[in-house]
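K.L.:
Okay, predicted coordinates and the sequence, questions at the end:
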Amino acid sequence: MPTNGKSPPQEADQPPPVRVRGRRPAHGEPVVDRALSLLAAFDADHRTLTLGELSRRADMPPSSALRLATRLVGWGALERDPAGRYCVGLRLLEVATLAPRGHGLRQVALPFMHDLAEVTRQHVQLAVRDGMQAMLVERLSAPQAAPVDYRIGGRLPLHSTGVGLALLAFAPREVQEDLLAKPVYSEPDNHLITPDFLRRTLAEVRRERLAIFRRVEEAETIVSVAAPVFGKDDEVVGVLGVLVPKRVAQPRRLGLAVQTAARSISRELGARRSSDSQA
């Protein structure tokens, strides 16, 4: 042991440890990844979770889940309901509204969506494509509109919804081919959709600048009518849609109203071609 208060010199054959970039630390998963795993445990079917459920769905020990959940509650990413269950916090919604792709489009579209909702008295939706799904960035609903389980931030299939088909029809070719390369089924009846049928449908949507799709929601057939919204580069940046019960639907008449609103939004965004012009 040294007696002069100084540390002994480091031995020449003991180089400092080398950090390998991109590798996880030896003690386990990074804290950020674990926190994201907790947030990912929530979905449309699991909106509130006990600590045990949160721990199991995030695949981490209860003690770790409790520690991270407590910090997320403190920041506002999670909240606790009166029963003590965890749910997604409003702070996340506040952050999500700042996403540039949806924010600018939503701000421009909202006045036209209000007009469309007043005319149709139905659900009006605004969606963007996120990978192989459609994501709702805004929704307005009239009190008498049919009940549907669509929510802001919710994801919908591209191949079996009106807004999804309108987005898919104008998506890059590789996105379309990726979807066509594997079996796809309609929802919720689970019928196989053949590639030829889907290709014909997409061609018609591109030609008409309008997608019309029927699906069963809450034991009632709902008609979805959607039109593309173009941005300043004349690329589709989103889709405007209306949901209406089949028993009162007039798809073509609704289509004109939806296209008119989509065309107005496109002009406000600086598009040079209207939403119903030919390619």
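P.N.:
Happy to help now that I have it.
K.L.:
And for residue 225, the neighbour number?
P.N.:
29 (other CB atoms under 10 Å). For the C-beta atoms, the positions are set from N, CA and C on the backbone; glycine is no exception.
K.L.:
helix or strand right after the helix or strand it falls within?
P.N.:
Using DSSP states H and E, residue 225 sits in strand 220-230. Following strand 220-230 in sequence order, the next helix or strand is strand 236-245 (DSSP H and E).
K.L.:
buried sites along that next one?
P.N.:
Within strand 236-245, the residues that count as buried by 16 or more other CB atoms under 10 Å are 236, 237, 238, 239, 240, 241, 242, 243, 244.
K.L.:
Confidence-wise, which of those comes last?
P.N.:
pLDDT is lowest at residue 244 among the buried residues of strand 236-245; the value there is 88.
K.L.:
Okay, and the beta partners of that residue?
P.N.:
residue 223 (DSSP bridges).
K.L.:
shouldn't it be in contact with residue 222?
P.N.:
Yes. Counting by CB atoms under 8 Å, residue 244 touches residue 222, with 7.0 Å between them.
K.L.:
And the strand holding residue 225, what does it pack against?
P.N.:
helix 162-169, strand 211-217, strand 236-245, helix 251-268 (3 or more CB pairs under 8 Å, 6 or more residues apart in numbering; DSSP states H and E).
K.L.:
one step back: what do residue 244 and residue 222 both touch?
P.N.:
Contact criterion CB atoms under 8 Å, 6 or more residues apart in numbering; residues shared by residue 244 and residue 222: residue 146.
K.L.:
can I see the domain layout of this structure?
P.N.:
Residue ranges for the domains of the chain, per automatic domain parsing: 31-93, 97-268.
K.L.:
residues touching the nearest residue to residue 206 once chain neighbours are set aside, list them.
P.N.:
When the adjacent residues along the chain are set aside, residue 206 lies closest to residue 169, with 4.9 Å between them (CB to CB, 6 or more residues apart in numbering). Residues counted as contacts of residue 169 (CB under 8 Å, 6+ apart) are 202, 203, 205, 206, 211, 228.
K.L.:
any idea which helix or strand carries the first one?
P.N.:
Counting by DSSP H and E, the element that carries residue 202 is helix 195-208.
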